[in-house]
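Novice: Provided below are the primary sequence and the corresponding predicted coordinates.
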Amino acid sequence: MKTIHHGGDNRGHVSLGWLDSHHSFSFGHYYDPEKVQFGALRVLNDDVITGGSGFGAHPHDNMEIVSIPLSGSIAHKDSTGTAAVINENDVQIMSAGTGIRHSEYNHLKDKSTNFLQIWVLPKKRNIAPRYDQKTFDTTDRINQFQLVVAPDNENAVWINQDAWFSLANLKSNFNATYNLKKAGNGVYVFIIDGSVTINGEVLFKRDALGIWDVDTIEIVAGTDAEILLIDVPMEV
């Protein structure tokens, strides 16, 4: 088993007034040669956008882009003609493929929105751009792993990669076992809130632990905890 620990207080940070963002991996002006990617996982940004502000239209290609609102709502528009609002309990994915332009704004005028923006390198390049979004019942993640992104499950949003995202709300002292989905994959566990112990290592809010060369991991909640698990190929 191999692991890498990313402390929440050691992330990259940018504050632009309308945007306060923490970067788990190198992004924009933040560069750390030890934090370029975790296998196919390239970006995990923890963004807070002030009311009515956001990212104007800009291009992407050959990237799988996942948005998970933690609080508030995001207004999305893209060059495929899609316009949607992404709310709490929604998960959105955009396959940029051959190229797409999109904008993301805080849908709320008087309240900040906090969301995770996650980029995964694609399995197949130059596919047709596509968009998907689903709403999930949070009761289905209490003391269990709720699959929200997958290449092989119609109940999750589809991703162009052998990658699986799961959310879990664990009650204090609950012990959970996570089985990695595919040989050669690793799992990046991001602590949204609370504290957990994973294979003996204690993690707190916004900490993360990458684990690979292992088939299963053991997670024990130290407090009530909300976690995101990103199961991705380590060879890309």
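Specialist: Received it, and whenever you're ready, just let me know what you need. Numbering: from 1, shown residues only.
Novice: all contacts plus neighbour counts: C-alpha atoms, from now on.
Specialist: Fine.
Novice: partner residues bridging the closest residue to Gly12 other than its chain neighbours?
Specialist: For Gly12, ignoring the flanking residues on the chain, the nearest one in space by Cα to Cα, 6 or more residues apart in numbering is His23 at 4.7 Å. Beta-bridge pairing for His23 (DSSP bridges): Gly12, Asn45.
Novice: just the pLDDT at His23, thanks.
Specialist: Model confidence at His23, given as pLDDT, is 98.
Novice: over to Val236?
Specialist: Per the predicted model, pLDDT is 88 at Val236.
Novice: phi and psi next, for the residue lying closest to it once chain neighbours are set aside.
Specialist: The shortest distance from Val236 to any non-neighbouring residue, by Cα to Cα, 6+ apart, is to Ala40 (6.0 Å). Main-chain torsions, Ala40, degrees, to the nearest 10: phi -80, psi -10.
Novice: OK, contacts around Ala40?
Specialist: Ala40 sits next to 120-122, 232-236 when contact means Cα atoms under 8 Å, 6 or more residues apart in numbering.
Novice: swap in Gly186?
Specialist: Counting by Cα under 8 Å, 6+ apart, Gly186 has contacts 39, 180, 210-214, 231-234.
Novice: show me those residues that map onto strands.
Specialist: Applying DSSP state E to the contacts of Gly186, the entries found in strands are 210-212, 231-233.
Novice: make JSON lines out of those and add neighbour count and distance to Glu154.
Specialist: Listed next are these as JSON lines, based on neighbours: other Cα atoms under 10 Å; distance: Cα to Cα, whole Å:
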{"residue": "Gly210", "neighbour count": "19", "distance to Glu154": "27"}
{"residue": "Ile211", "neighbour count": "23", "distance to Glu154": "27"}
{"residue": "Trp212", "neighbour count": "24", "distance to Glu154": "27"}
{"residue": "Asp231", "neighbour count": "28", "distance to Glu154": "17"}
{"residue": "Val232", "neighbour count": "27", "distance to Glu154": "19"}
{"residue": "Pro233", "neighbour count": "25", "distance to Glu154": "21"}
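Novice: and the residues you listed, which is closest to Ala225?
Specialist: Gly210 (17.7 Å; Cα to Cα).
Novice: mind checking pLDDT for the most centrally placed residue in the chain?
Specialist: Taking Cα atoms, centre = their mean, the centroid of the chain lies closest to Ile118, which sits 4.4 Å from it. Note for Ile118: predicted pLDDT of 98.
Novice: what about the nearest residue to Ala221 once chain neighbours are set aside, how many residues nearby?
Specialist: Closest residue in space to Ala221, ignoring its immediate chain neighbours: Val196 at 4.3 Å, by Cα to Cα, 6+ apart. Neighbourhood size, Val196 [other Cα atoms under 10 Å]: 28.
Novice: next: Asp215.
Specialist: Other residues close to Asp215 by other Cα under 10 Å number 17.
Novice: now do the one 3 residues further on
Specialist: Number of residues near Glu218 (other Cα under 10 Å) recorded here: 13.
Novice: who does it bridge with?
Specialist: Applying DSSP bridges, one finds that Glu218 bridges with Thr177.
Novice: show me what contacts it?
Specialist: Glu218 touches 175-178, 198-199, counting by Cα under 8 Å, 6+ apart.
Novice: quick one, what contacts Gly54?
Specialist: When contacts are counted by Cα under 8 Å, 6+ apart, Gly54 touches 18-19, 103-106.
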